[in-house]
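Enquirer: Build me a structure from this.
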Amino acid sequence: MFNQTIDWETIAKHISETSGLPFQIKRQQEIGGGCINKTYQVSDNDNQSYFVKLNNAQYQDMFAAEADGLSELEKAAVVKVPKPLCFGTAGHQAYLVMEYLKFDIKDHSAISELGQQLANLHQKTAPLFGLHRDNYIGSTRQVNTLEKDWSTFWQKHRLHFQLKLAARNGYNGKNLQTQGERLIAELSQFFTDYQPQPSLLHGDLWSGNYAVAIQGSHPVIYDPAVYYGDRETDIAMTELFGAFPKRFYEAYQDSWALDVGYSTRKVLYNLYHILNHLNLFGGGYLRQAENMIASLLSELG
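Expert: This next block holds a predicted model:
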């Protein structure tokens, strides 16, 4: 994490230029919760407030990608996201400025509404799988090269990418690499009777990226890794690190029922995130990744 002096004057000037309203930062309050970036609420004397993410200048593209993803979700006009305002660099820091929303992260009163809204979001589709640009899953680059075939997309740009990154990080064991490549080679077998459409996805939907806005008590999702893919990938991730409340899944199913075979495919989709955690956070995730690969291969016979 950076420790340079923050150039608030440059950031305030960019906020003024983009919003069309004069803005001078009079108060900065650091907000905890992020493991990659520093985050602040900044305010002036007229009670205008914005949410600012900061990191080293090398993270400028990560912030550009996040702003792009938030804009893609905002255009769908289905579920609330913090509106991105501007991003750039100030001195040695990259920054992203967005709408400030006050959250109650313990409030699950809108969880059924989120389930319905997510089903509606997934009905926003595109001709191809992927996105017009790469973005990031955590701090790892997420490749979104457009593909016509979902199985090809998941093989090349999700599992193969993460396995090769794991090899470069020193995880070269047979159970991970050899068995992982075998799984990739046989991946199309999971899609013989199931052909998903390219749905608009949040891409990193776990409980830490959802909250209820205190004003209006409506659900808000944030910190996305947006692309167009199988809707089941979003649902699968909600189950990975502690499932959402039951009412969320009931509302989603009432709006758009999941297809037969989801219980197997969710392991395939969550393998991507476990491999990414292996690459980001180390060997504590190795055995889990190996077990998931073994479980999936056992489904193939």
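
Enquirer: so residue 41, which of the three states?
Expert: strand (DSSP: H, G, I helix; E, B strand; the rest coil).

Enquirer: Check what pLDDT it gets.
Expert: If you check residue 41, the pLDDT there is 96.

Enquirer: Which pLDDT value does the model give residue 199?
Expert: Reported pLDDT for residue 199: 98.

Enquirer: That one: neighbour count?
Expert: 23 (other Cβ atoms under 10 Å). Quick note: C-beta positions are derived from backbone N, CA and C, even for glycine.

Enquirer: now it, which residues is it bridged with?
Expert: residue 125, residue 229 (DSSP bridges).

Enquirer: So it is in contact with residue 122, correct?
Expert: Yes: if you go by Cβ atoms under 8 Å, residue 199 and residue 122 touch, sitting 4.1 Å apart.

Enquirer: List the residues that are in contact with both of these two.
Expert: residue 231 (Cβ atoms under 8 Å, 6 or more residues apart in numbering).

Enquirer: Buried residues, stretch 116-134. List them.
Expert: Neighbour-count burial for stretch 116-134, with 16 or more other Cβ atoms under 10 Å as criterion, is recorded at 116-122, 124, 126, 129-131.

Enquirer: repeat for stretch 212-225
Expert: 212-213, 218-225.

Enquirer: what does stretch 160-178 give?
Expert: Neighbour counts over stretch 160-178 (16+ other Cβ under 10 Å) mark 160-163, 165-166, 171, 176-177 as buried.

Enquirer: Return the distance of that stretch from the chain's centre.
Expert: Distance of stretch 160-178 from its chain centroid, counting by Cα atoms, centre = their mean, to the nearest Å, is 23 Å.

Enquirer: and what of stretch 287-301?
Expert: 24 Å.

Enquirer: now swap in stretch 281-288 and tell me
Expert: Its chain's C-alpha centre lies 20 Å from the corresponding centre of stretch 281-288 when counted by Cα atoms, centre = their mean.

Enquirer: Can I get that stretch in CSV, CA atoms only?
Expert: Provided in CSV are the C-alpha atoms of stretch 281-288 (Å, rounded to 0.1, in the frame of the first residue of the first chain):
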residue,chain,number,x,y,z
PHE,A,281,-3.1,-15.1,-1.1
GLY,A,282,-0.9,-18.2,-1.3
GLY,A,283,-0.9,-22.0,-0.7
GLY,A,284,-3.8,-22.1,1.8
TYR,A,285,-6.1,-22.5,-1.2
LEU,A,286,-4.1,-25.2,-3.0
ARG,A,287,-5.8,-28.2,-1.4
GLN,A,288,-9.2,-26.7,-2.0
